[in-house]
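In: sequence-free structure coming up:
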């Protein structure tokens with residue numbers, strides 16, 4: 001997206017009727033935002049009541065869009081957008097690049113009388129035709145096959161992005177992107193299909209319990225926390241690695257990082273707070289429900305978090321959030337780094353994916369309620385998720401496979417690549433009871449007396465939280481902590497939704513079969529449910545772990561349990577090509593075999609391309625920056641030694657410094673040569689090349705970096721050719 005645009009307005013947003021705002025799965029209504037927000041109430045004033053109602057049925061209830069209302073809605077959109085300065089519109093979509101894309105069209109159309117009229121038709125609102133040939137398609141489209149289609153996604157609100165100079169604006173219409181033959185070429189289409197799959201299977205479970213009355217749809221909801229770094233823009237322009245790769249390829253960690261834990265939740269620097277406020281204002285104008293801001297663990301690292309929305313809308317808003325974080329930073333003299341590991345040896349950045357399932361009547365199906373042991377419906381949904389993670393652990397790991405995320409997973413700020421589930425004391429105790437017989441009680445958290453009469457008693461939760469778990473239950477949702485900070489959340493949630501849909505299908509089918517035609521009394525249902533839960537828990541509980549996921553003892557225990565540990569993306573990619581994975585996506589109409597194969601090809605190609613760019617960038621920096629700095633430092637030391645000797649004096653310390661510098665320089669030159677060899681002539685086959693990257697290129701890059709960082713430790717600051725970690729992380 002063009003970086004010049006920043007100001008924004010929203011077209012509409014409707015959430016479920018009578019949503020319980022005490023739950024974390026509450027979608028946010030646009031009328032709670034700024035004056036530029038275009039709400040459903042205002043839309044009602046612009047549309048005939050019947051048109052408004054039909055559109056609302058599509059948005060709220062998932063009903064098919066009535067094409068007969070398109071012209072009316074299009075003109076209302078155009079008039080509203082024009083009032084806010086929009087002269088163009090675009091179908092805003094998410095191709096397989098991982099970014100967003102748009103092609104702008106003016107509202108002006110010929111009027112047939114040698115003039116023009118400002119308008120947009122219903123057909124133009126619903127359908128667009130960008131060139132599909134230059135987007136990654138994984139072989140679905142050949143280069144010469146140019147036709148592709150974008151189609152309006154009415155369930156996600158349209159919005160206006162205004163130019164920062166105030167001289168123009170664009171109406172952005174969230175859309176899907178498909179090929180000439182209808183194959184999905186984007187990340188939104190499979191996400192929408194996966195949401196539909198969850199809806200179909202979850203409704204079956206609700207019908208078994210008789211809790212489907214008044215429920216039209218079941219949706220997945222998301223709230224995705226976003227971590228990021230800010231550095232001064234002047235430093236960014238002096239670092240080719242940051243400019244080209246988004247992360248530093250060289251650099252020695254500063255003496256002080258986050259050892260003192262003084263940055264985390266500390267006072268936000270004024271300049272940073274001004275930036276955050278600007279970002280929040282613009283996101284509020286877009287209708288993005290930003291809730292939380294704070295300092296993160298590392299110096300220069302921060303976090304932004306929204307409240308919950310429907311998964312599809314949340315995915316769109318996440319892309320807009322990243323866009324705004326990057327765009328607004330320049331206005332404050334910063335550059336926002338969204339890479340998972342922009343600084344080696346320093347806390348990395350993730351995008352914690354808080355996921356739940358909710359009805360359109362506002363019921364969070366992952367809310368345990370007070371007497372959890374007797375809440376059979378909740379336990380069915382809970383164990384379905386456990387089963388899904390256990391059965392599809394490798395697929396879940398593959399959903400967050402990315403070159404950048406490989407640098408983060410398993411470090412001290414991120415969960416390991418072993419997919420496990422944290423439940424906490426209360427739920428783990430209920431699983432114990434289920435395995436042993438009938439659950440009889442629910443552990444209570446009680447309260448805490450803080451010891452001073454002036455302090456209140458605190459109601460304690462029934463279980464703690466676990467920051468080391470990749471997939472943790474946190475009260476009434478699951479937090480998938482392994483998603484990378486730069487990644488689109490659409491693909492991980494497509495995978496998560498699909499595997500949970502399969503488990504809900506299994507649970508519903510088993511319950512329907514076991515209940516048969518017998519009278520479904522509450523007691524009969526409860527007995528059948530308990531028996532099934534007991535079986536599922538015994539078979540899949542191995543994926544539950546409530547301890548320290550960083551500890552080596554857990555890695556050993558996970559291996560004994562048979563849990564996969566796919567350390568790198570290259571290890572994870574093959575799981576996407578297995579027959580059972582293909583069958584899973586096809587069974588629930590999320591991706592066909594061709595569409596899935598295309599995504600695997602794109603993922604592998606992206607991995608190879610990113611790593612080769614980083615290898616070439618590192619080689620360039622070593623040759624054009626570090627080695628010249630080495631020669632200059634050598635020359636200065638050699639001149640000092642020679643001058644001292646010419647004066648008839650001895651200089652053993654300086655001579656030792658020169659000897660050490662020469663040794664470190666020789667080590668660097670050796671690694672530069674090895675890196676050049678590893679970068680040259682990689683295998684042509686994409687999978688073989690990915691293996692080469694993992695086994696040859698990355699180790700060569702690591703060795704070259706280590707040698708360069710060793711030089712940085714002894715070369716004077718005025719000779720070192722780049723801003724250091726200490727400068728970038730601490731200067732504000």
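Out: Sure thing, it's come through. Everything numeric in this text was worked out from a predicted model, so none of it was measured.
In: Just list whatever residues bridge to residue 565.
Out: Listed by DSSP bridges, the beta-bridge partners for residue 565 are residue 418.
In: my guess is it contacts residue 559, does it?
Out: Yes: with contacts counted by CB atoms under 8 Å, residue 565 reaches residue 559, the gap being 7.0 Å. Backbone N, C-alpha and C define where each C-beta goes, glycine included.
In: Would you mind telling me which of these two has the busier surroundings?
Out: A count of neighbours by other CB atoms under 10 Å puts residue 565 above the other of residue 565 and residue 559, at 16 against 12.
In: I'd like the distance between the more buried one and residue 420.
Out: The gap separating residue 565 from residue 420 is 10 Å, by CB to CB, to the nearest Å.
In: and for these two, which residues touch both?
Out: Residues within reach of residue 565 and of residue 420 at once, by CB atoms under 8 Å, 6 or more residues apart in numbering, are residue 558.
In: and the end-to-end length of stretch 288-305?
Out: 10 Å (CA to CA, to the nearest Å).
In: Can you check the pLDDT for the residue nearest to residue 625 when sequence neighbours are not counted?
Out: Spatially, and ignoring its direct neighbours in sequence, residue 625 is nearest to residue 721 (4.3 Å; CB to CB, 6 or more residues apart in numbering). Note for residue 721: predicted pLDDT of 95.
In: what helix or strand does residue 721 sit in?
Out: Assigned by DSSP states H and E, residue 721 belongs to neither a helix nor a strand.
In: how close does it sit to residue 518?
Out: 79 Å.
In: about what we covered before: what about the residue nearest to residue 625, how many neighbours?
Out: 14.
In: didn't it look like it was pressed against residue 631?
Out: No: with contact defined as CB under 8 Å, residue 721 does not count as touching residue 631 (11.5 Å).
In: now the residue nearest to residue 625: how far from residue 290?
Out: 39 Å.
In: Residue 225 too?
Out: Taken as CB to CB, the span from residue 225 to residue 290 is 11 Å.
In: Between these two, which has more neighbouring residues?
Out: Set residue 225 next to residue 290 and count neighbours by other CB under 10 Å: residue 290 wins out with 23 against 20.
In: Now do the same contact list for the more buried one.
Out: Counted by CB under 8 Å, 6+ apart, residue 290 has contacts 279, 280, 283, 284, 304, 305, 306, 321.
In: same check, this time on residue 142
Out: So residue 142 contacts residue 133 (CB under 8 Å, 6+ apart).
In: so where does it fall, helix or strand?
Out: Per DSSP H and E: nothing holds residue 142, as it lies in no helix or strand.
In: now swap in residue 534 and tell me
Out: Counting by DSSP H and E, residue 534 is found in helix 522-540.
In: Ok, residue 243 next?
Out: helix 240-245.
In: which residues touch the residue nearest to residue 625?
Out: Residue 721 touches 625, 626, 628, 629, counting by CB under 8 Å, 6+ apart.
In: ok, how many other residues are close to the residue lying closest to the second one once chain neighbours are set aside?
Out: So the one you mean is residue 626. Once flanking residues are discounted, residue 626 sits nearest to residue 708: 5.1 Å by CB to CB, 6+ apart. Using other CB under 10 Å, residue 708 is surrounded by 27 other residues.
In: Could you find the residue nearest the spatial middle of the protein?
Out: The centre of the chain sits closest to residue 489, judged by CA atoms, centre = their mean, with a distance of 3.8 Å.
In: and that residue, what does it touch?
Out: Residue 489 neighbours (CB under 8 Å, 6+ apart): 222, 224, 314, 315, 318, 351, 353, 483.
In: tell me what whichever strand or helix holds the fourth one is packed against?
Out: When you say that, I think you mean residue 315. Using DSSP H and E, residue 315 maps to helix 311-331. Judged by 3 or more CB pairs under 8 Å, 6 or more residues apart in numbering; DSSP states H and E, the packing partners of helix 311-331 are strand 5-10, helix 188-209, strand 218-224, strand 226-232, helix 270-286, strand 301-306, strand 334-337, helix 490-515.
In: The ones you listed into CSV, with extra columns for mean pLDDT?
Out: Shown next, in CSV, are the helices and strands packed on helix 311-331 (pLDDT from 0 to 100):
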stretch, mean pLDDT
strand 5-10, 45
helix 188-209, 97
strand 218-224, 95
strand 226-232, 96
helix 270-286, 93
strand 301-306, 94
strand 334-337, 97
helix 490-515, 97
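In: what touches both of residue 225 and residue 290?
Out: Joint contacts of residue 225 and residue 290 (CB under 8 Å, 6+ apart) are 304, 305.
In: now the helix or strand just after the helix holding residue 534: how far from the chain's centre is it?
Out: Next helix or strand after helix 522-540 toward the C-terminus (DSSP H and E): helix 552-561. The chain centroid and the centroid of helix 552-561 are separated by 27 Å, computed with CA atoms, centre = their mean, to the nearest Å.
In: quick one: average confidence on helix 552-561?
Out: Averaging pLDDT along helix 552-561 gives 93.
In: hmm, who's touching that helix?
Out: Applying CB under 8 Å, 6+ apart, the contact partners of helix 552-561 are 416, 418, 420, 542, 545, 547, 548, 565.
In: Identify the residue spatially nearest to the fourth one, adjacent ones excluded.
Out: With CB to CB, 6+ apart as the measure, residue 561 is the residue that lies nearest to residue 542, at 4.4 Å, once sequence neighbours are left out.
In: Could you pull up the mean pLDDT of the longest strand along the chain?
Out: Scanning the chain for the strand with the most residues, using DSSP state E, yields strand 169-179. For strand 169-179, the mean pLDDT works out to 92.
In: Now for the residue lying closest to residue 170 once chain neighbours are set aside: which residues touch it?
Out: Counting by CB to CB, 6+ apart, residue 170 lies nearest to residue 88, which is 4.9 Å off, once chain neighbours are set aside. The neighbours of residue 88, taking CB under 8 Å, 6+ apart as the test, are 104, 105, 106, 107, 168, 170, 171.
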